[in-house]
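A.B. asks: here is a sequence with its predicted model. Questions after.
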Amino acid sequence: MALAADIGATPADDTETLAYTYLHTQSWTRATNVITRTDLRRWRHDDGSGREVTRQPPNVRGLTHRPNAKERDLFAVATVHARRCAPGELRPYLPDPLPTEPSALTNALAPRELADEPAYPRMVVHGIVGLTTGQYLNQEQRAATLRVLANVPHIAYQGFATDIAGRVGLGFMVTADGSTLELVIHPRTGEVLAAHEQVAGARPGLFSYVLILERGHTTDTATVLVHP
């Protein structure tokens, strides 16, 4: 993927020495017969301590729901739940330091011995989404993740795509094992902006939709980062 060689740094890449990594996501997730909706802000220290603040509007019944921009207003009026986390409670998706060689990172995300399974492309993309929503990725790590994505079987470039937060990026689609996954990637920084998965089969509909809204570093567990 040529994009991996061309991505640039973000302001947050220069703040990695600060005490906490900060991530802000909004997600829609299938849970039996409903779709749950969660706004999550997480501050994580290297020792696994930190703080999480969540807002959860009422669940949506059924599985055919399509997240939309207006629905995001519900997060602002939902009840706030905050919790302090002791050391070891907040773990990154993969332990640091992350491998940056593509085959090693791919194997960390999805076992190599499963490469011939129909679900393997889906597993790799799930790993990429888990990585980008679970920890901060610097420029080198983002480039490595894009190189992994480039080698996912059945991946197709979709041109420019817009997520429900109104952000425009490069769209990529992977279809495998009854699932269609779409990623929106920032064309300059290589950051994953959004991930959307629909599934077919006996219970078709939305599997998940996630927006990665902010990522960076802070000195404490109260500072909120807002993209200018």
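C.D. replies: Ah, there it is. Residues are numbered from 1 along each chain as shown.

A.B. asks: where along the chain do the helices fall?
C.D. replies: 2-6, 73-77, 102-109, 120-134, 139-150 (DSSP state H).

A.B. asks: which residues of the chain score low on pLDDT?
C.D. replies: Residue ranges of the chain with pLDDT under 70: 1, 227-228.

A.B. asks: coming back round to it: nearest to residue 32, of the helices of the chain?
C.D. replies: With CB to CB as the measure, helix 120-134 is the member of the helices of the chain nearest residue 32 (19.2 Å). For glycine as for every other residue, the C-beta is placed from the backbone atoms N, C-alpha and C.

A.B. asks: would you mind measuring from the nearest residue to residue 127 once chain neighbours are set aside to residue 28?
C.D. replies: Leaving aside its sequence neighbours, residue 127 sits nearest to residue 109 (CB to CB, 6 or more residues apart in numbering; 2.9 Å). Between residue 109 and residue 28 the distance is 23 Å, computed by CB to CB, to the nearest Å.

A.B. asks: repeat for residue 131
C.D. replies: Distance, residue 131 to residue 28, using CB to CB: 19 Å.

A.B. asks: now the helices of the chain in CSV, please, with extra columns for distance to residue 49 and mean neighbour count.
C.D. replies: Shown next, in CSV, are these (distance: least, CB to CB, whole Å; neighbours: other CB atoms under 10 Å):
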stretch, distance to residue 49, mean neighbour count
helix 2-6, 33, 13
helix 73-77, 25, 11
helix 102-109, 24, 18
helix 120-134, 16, 21
helix 139-150, 22, 21
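
A.B. asks: would you turn these into TSV with distance to residue 45?
C.D. replies: Formatted as TSV, those follow (distance: least, CB to CB, whole Å):
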stretch	distance to residue 45
helix 2-6	30
helix 73-77	25
helix 102-109	22
helix 120-134	15
helix 139-150	19
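
A.B. asks: of the ones you listed, which is nearest residue 59?
C.D. replies: In terms of CB to CB, the element of those nearest to residue 59 is helix 73-77, at 11.4 Å.

A.B. asks: show me the contacts for residue 122.
C.D. replies: 174, 176, 177, 179, 181 (CB atoms under 8 Å, 6 or more residues apart in numbering).

A.B. asks: so the first one is in contact with residue 154, correct?
C.D. replies: Yes. In this structure, residue 174 is within contact of residue 154 by CB atoms under 8 Å, at 5.6 Å.
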